[in-house]
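Student: Got a predicted structure plus its sequence, pasted below:
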Amino acid sequence: MKTKKRTKINWDIIPVIEVYKSILNGEIKTFPYRYLNKERSRTILRYVALTKYNMTREQICKDITVKFLRKHFIVSINKIFAGDWHHMIDYCFDEMNIMPWELVRVKDGFWEDVNNRKAFVMWVSQKENVDITKADELRKLTGNVLRSYGGQNAIITSGTLFELINLINPMHYKEWEVCTITLWDDDKRKDAIRWLIEEKLRWDEKTVKEQLSTEHFFQNNLRTLFDYFHHNRNKVLEFAYPGKYSRLKRSPINERYAQNETI
């Protein structure tokens, strides 16, 4: 008895979604050999995400995982993109302009590239409507804000919040202008005091003696520094300029701070 010859199926003429449904219906166990490519993967993933579930942009970023692909019998799609998750999502949903840090995780080594960290800060600043040319605007880019956009590891890789923010305006601002400093070292204290007097206020010795007050420190984001010296102007100046301002006359200060001055 002759064995009936099996008819070879030309999968290329069958619509992609029909091939996928054949897997869901159990008609075939997996995609035909070398059937999947980037364009077919895109069609299938969009069908599952947009047609079947009507997923939002946020859901696509957070919910499409390896577990999601496995559940829908399409985990092999990830192999088509060589395991580059952002490349896969960006290719399949290109109109959404999804950034790497919006996904559950970025690829290994992503944050080690300084250009990626810079792009991230620029993107967040646009999202938050921050004018990056102004120091008081940059102060809106707090650690909590950056972390809320997926930047925890960007901060860690940079070393400090300031070093991350400084990527978009290198050497243009001092750390205390854009960040609240809680831990000061002596070099940074001296630098900040001299910056306040010589660069920000640009006062001569006489003016410093007559007018420097608590408010000048508070208004220039140096409150935590001034707290370290217990709001004592003499100690501040002696620390930064040993012997230069030995005999100071009491400066006129705002009344609401007067009780804290110990000059």
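Tutor: Yes, it's here.
Student: Determine the set of other helices and strands touching the stretch of helix or strand Ala192 belongs to.
Tutor: Under the criterion DSSP states H and E, the helix or strand holding Ala192 is helix 186-194. Contacting helix 186-194 under the criterion 3 or more CB pairs under 8 Å, 6 or more residues apart in numbering; DSSP states H and E are the following elements: helix 223-228, helix 233-240. (Each C-beta comes from the backbone N, C-alpha and C, glycine too.)
Student: Low-confidence bits of the stretch 101-250 of the chain, can you list those?
Tutor: Filtered on pLDDT under 70, the stretch 101-250 of the chain yields the residue ranges 247-250.
Student: ok, now which ones touch the residue sitting nearest the centre point of the chain?
Tutor: With the centre of the chain defined as its mean C-alpha position, the nearest residue by CA atoms, centre = their mean is Gly151, 3.5 Å away. Taking CB atoms under 8 Å, 6 or more residues apart in numbering as the definition of contact, the neighbours of Gly151 are 101, 120-121, 124, 164.
Student: Which residue, other than its chain neighbours, is closest to Ser125?
Tutor: Take Ser125 and drop its neighbours on the chain: the residue closest to it by CB to CB, 6 or more residues apart in numbering is Ile132, 5.2 Å away.
Student: what about the one you found, which helix or strand?
Tutor: Assessed by DSSP H and E, Ile132 sits outside every helix and strand.
Student: ok, back up a step: how about the helices and strands packed on helix 186-194 in JSON lines, adding mean neighbour count and distance to Leu146?
Tutor: Supplementary listing: those in JSON lines, determined by neighbours: other CB atoms under 10 Å; distance: least, CB to CB, whole Å:
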{"stretch": "helix 223-228", "mean neighbour count": "16", "distance to Leu146": "21"}
{"stretch": "helix 233-240", "mean neighbour count": "19", "distance to Leu146": "32"}
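Student: would you list these in a markdown table and tack on distance to Trp176?
Tutor: Shown next, in a markdown table, are those (distance: least, CB to CB, whole Å):
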| stretch | distance to Trp176 |
| --- | --- |
| helix 223-228 | 7 |
| helix 233-240 | 14 |
